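Q: fold the following for me, if possible:
(one chain, ligands or ions: 2)
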Amino acid sequence: MTIDRPDLLPPVPAGATRVALLGDIVGKTGRRAARAAVAPLRRAGVAFLAANAENASGGNGCAAREARDLLNAGFDALTMGNHVWKHKDLLPLLEADLRVLRPLNFPPGTPGRGHASFDLPGGARLLVVNLIGRTRLEPTACPFRTMDDLLAEAGGPGPDPPPDATEPRPAVLVDFHADATAENHALRWYLDGRVTAVLGTHTHVQTSDAEVTPRGTGYVTDIGCCGAWPSVIGFDPQPVLAKYLTLRPHPYVPAEGPGRAEGAVLDLDPTTGRCLAAWTIRMA
Ligand SMILES: [Fe+2]
Ligand SMILES: [Fe+2]
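A: Numbering: from 1, shown residues only. Ligands and ions are numbered 1, 2, ... in the order given. Next up is the predicted model:
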């Protein structure tokens, strides 16, 4: 179900924690739309708010200044994707700031980190993972086996938490930056019951398949983008059309105009790490 105003979300259930991830932020209009979404989402009870910022600077990559501006605007964490290396001045931030993540399954020795643990209200922890797919993207380590390794080390909700469990299990939120819907679907099956949520980014086109599986994993194939609308995935249609009509490269330019912020909101049980409810959001 897609919500177009956070105040239409139901109240956060007793004992639950509400978290949100916004889709790829595209350029200045996207940054403005993402910043404008912070206050309404917080008023709707969102305790942890992240965004994918891989297109935040001029539509390609995220420079240190834009990353800092987004963190200062109220985002608790920023994830990235295939454009993460565009701005070299992000490297020191990737190394020093735990809130700025790049895909986990990049080669060993890659600067920065692909996951980080955050405090939730009440003392629970949320592990945020940034993962990248392998279909029509650079070859990387297997995202499926990378998650096996990480969950073996960090734990997770587990398929069947014992009813008398007293130790909180970590909630695990995966931003899966992937190009093929089948690869997103496959990861949803692979991690079903093992993570709190698998949320897709990268295509910039929001899908209408938000669900919570019977084993407690929230899922959306792609949560969309923050950018100008109308546009072509947040970019000015003219250079994109020129590219397709001439088959020659034309640099994509972020579209200007009215912006909208898209993403997903989840309610989770911080004791079991299970997802309780999932919505996509589209805020004009
Ligand atoms: Fe993107
Ligand atoms: Fe991407």
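
Q: how about the residues of the stretch 101-250 of the chain by ligand 2?
A: Neighbours of ligand 2 within the stretch 101-250 of the chain, by Cβ under 5 Å from the ion: residue 202. Where C-beta positions appear, they are placed from N, C-alpha and C, glycine not excepted.

Q: what residue in the stretch 101-250 of the chain comes nearest to ligand 1?
A: residue 202 (5.2 Å; Cβ to the ion).

Q: who's in contact with that residue?
A: The neighbours of residue 202, taking Cβ atoms under 8 Å, 6 or more residues apart in numbering as the test, are 24, 54, 81-82, 133, 177-179, 222.

Q: centroid-nearest residue for this protein?
A: Nearest to the mean C-alpha position of the chain, by Cα atoms, centre = their mean, lies residue 175 at 4.2 Å.

Q: for that residue, give its distance to ligand 2.
A: 11 Å (Cβ to the ion, to the nearest Å).

Q: before we move on, the earlier item: dump the contacts of residue 202 into JSON lines; add secondary structure, pLDDT and distance to residue 145 as well.
A: Below are the contacts of residue 202 laid out as JSON lines (DSSP: H, G, I helix; E, B strand; the rest coil; pLDDT from 0 to 100; distance: Cβ to Cβ, whole Å):
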{"residue": "24", "secondary structure": "strand", "pLDDT": "98", "distance to residue 145": "25"}
{"residue": "54", "secondary structure": "coil", "pLDDT": "98", "distance to residue 145": "23"}
{"residue": "81", "secondary structure": "coil", "pLDDT": "98", "distance to residue 145": "20"}
{"residue": "82", "secondary structure": "coil", "pLDDT": "98", "distance to residue 145": "20"}
{"residue": "133", "secondary structure": "coil", "pLDDT": "98", "distance to residue 145": "13"}
{"residue": "177", "secondary structure": "strand", "pLDDT": "98", "distance to residue 145": "17"}
{"residue": "178", "secondary structure": "coil", "pLDDT": "98", "distance to residue 145": "15"}
{"residue": "179", "secondary structure": "coil", "pLDDT": "98", "distance to residue 145": "19"}
{"residue": "222", "secondary structure": "coil", "pLDDT": "98", "distance to residue 145": "23"}
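
Q: among the residues you listed, which one sits closest to residue 68?
A: Checking those against residue 68 by Cβ to Cβ gives residue 54 as the nearest, at 15.8 Å.

Q: immediately after the helix or strand harbouring residue 183, which helix or strand?
A: Here residue 183, judged by DSSP states H and E, is contained in helix 181-190. Using DSSP H and E, the helix or strand that follows helix 181-190 in sequence is strand 197-201.

Q: packing partners of that next one?
A: When contacts are defined as 3 or more Cβ pairs under 8 Å, 6 or more residues apart in numbering; DSSP states H and E, strand 197-201 packs onto strand 171-177, helix 181-190, strand 218-220, strand 259-268.

Q: now residue 134: closest residue in space that isn't a chain neighbour?
A: residue 140 (6.0 Å; Cβ to Cβ, 6 or more residues apart in numbering).

Q: distance of the one you found relative to residue 213?
A: Look at residue 140 and residue 213: by Cβ to Cβ, to the nearest Å, they are 26 Å apart.

Q: what does residue 236 give?
A: For residue 236, the distance to residue 213 - Cβ to Cβ - is 38 Å.

Q: go on, residue 124?
A: 21 Å.

Q: thinking again about what came up before, highest neighbour count among the contacts of residue 202?
A: Greatest neighbour count in the contacts of residue 202, by other Cβ atoms under 10 Å, goes to residue 24: 32 neighbours.

Q: hmm, the residue nearest to residue 134 is touching residue 104, no?
A: No. In this structure, residue 140 is not within contact of residue 104 by Cβ atoms under 8 Å, at 9.2 Å.

Q: what touches both of the two?
A: residue 132.

Q: and those two? Which one has more around it.
A: residue 104 (23 against 18).

Q: can you report how many residues lie near the residue nearest to the more buried one when sequence neighbours are not counted?
A: Counting by Cβ to Cβ, 6+ apart, residue 104 lies nearest to residue 114, which is 2.4 Å off, once chain neighbours are set aside. For residue 114, the neighbour count with other Cβ under 10 Å is 21.

Q: which ones are touching residue 114?
A: Counted by Cβ under 8 Å, 6+ apart, residue 114 has contacts 101-106, 129-131.
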